[in-house]
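*Asks:* how would this look folded up:
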Amino acid sequence: MDKNYDIDEILFKLGNLRDQKNLSQRKISEQLNHSESYINQLENKRTKLSVENFLKILELMEITPEQFFYVDQNNFEKDKILIELISNLSEENKDLAIKLLKNLK
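*Replies:* Down below sits the predicted model:
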């Protein structure tokens, strides 16, 4: 299921992930070669987030853009494994897997 994000949601999610990973605003700001208050200003919407800085922040938090925007982050790794396994199946086996998964609901 797709989800459309606005900048407020992205900044909120970045702040939550930063907290979960115990990374201070100051530390990330310094690693981005910005002033100590850059992340604080960003999270409080006093400065704009560039795509370049967004990607750098994700890298510092050791998370991919795909994982960041994934709707169900708690199941990201399991879903990724399932997708990889399914993508390697023949067309016939993909059809069988779809039928099996539908019956598991």
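*Asks:* make it CA atoms for all contacts and neighbour counts henceforth
*Replies:* OK.
*Asks:* now the phi/psi pair for the residue most central in space within the chain, please.
*Replies:* Nearest to the mean C-alpha position of the chain, by C-alpha atoms, centre = their mean, lies F68 at 0.6 Å. Note on F68: its backbone torsions stand at phi -60, psi -40 [degrees, to the nearest 10].
*Asks:* so which elements touch the helix or strand harbouring L85?
*Replies:* Take DSSP states H and E as the rule and L85 turns out to sit in helix 76-87. In terms of contacts (3 or more C-alpha pairs under 8 Å, 6 or more residues apart in numbering; DSSP states H and E), helix 76-87 is packed against helix 91-104.
*Asks:* now with 10 Å?
*Replies:* Counting contacts by 3 or more C-alpha pairs under 10 Å, 6 or more residues apart in numbering; DSSP states H and E, helix 76-87 is packed against helix 65-69, helix 91-104.
*Asks:* and those as JSON lines, adding distance to S50 and mean pLDDT?
*Replies:* Shown next, in JSON lines, are the helices and strands packed on helix 76-87 (distance: least, C-alpha to C-alpha, whole Å; pLDDT from 0 to 100):
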{"stretch": "helix 65-69", "distance to S50": "14", "mean pLDDT": "92"}
{"stretch": "helix 91-104", "distance to S50": "40", "mean pLDDT": "93"}
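*Asks:* which of those helices has the highest mean neighbour count?
*Replies:* Across these, the average number of neighbours (mean count of other C-alpha atoms under 10 Å) peaks for helix 65-69, which reaches a mean of 14.
*Asks:* now the residue of the chain most remote from its centre: how far from I39?
*Replies:* Farthest-out residue of the chain from its mean C-alpha position, per C-alpha atoms, centre = their mean: E92, at 32.6 Å. Applying C-alpha to C-alpha, to the nearest Å, the value for E92 to I39 is 50 Å.
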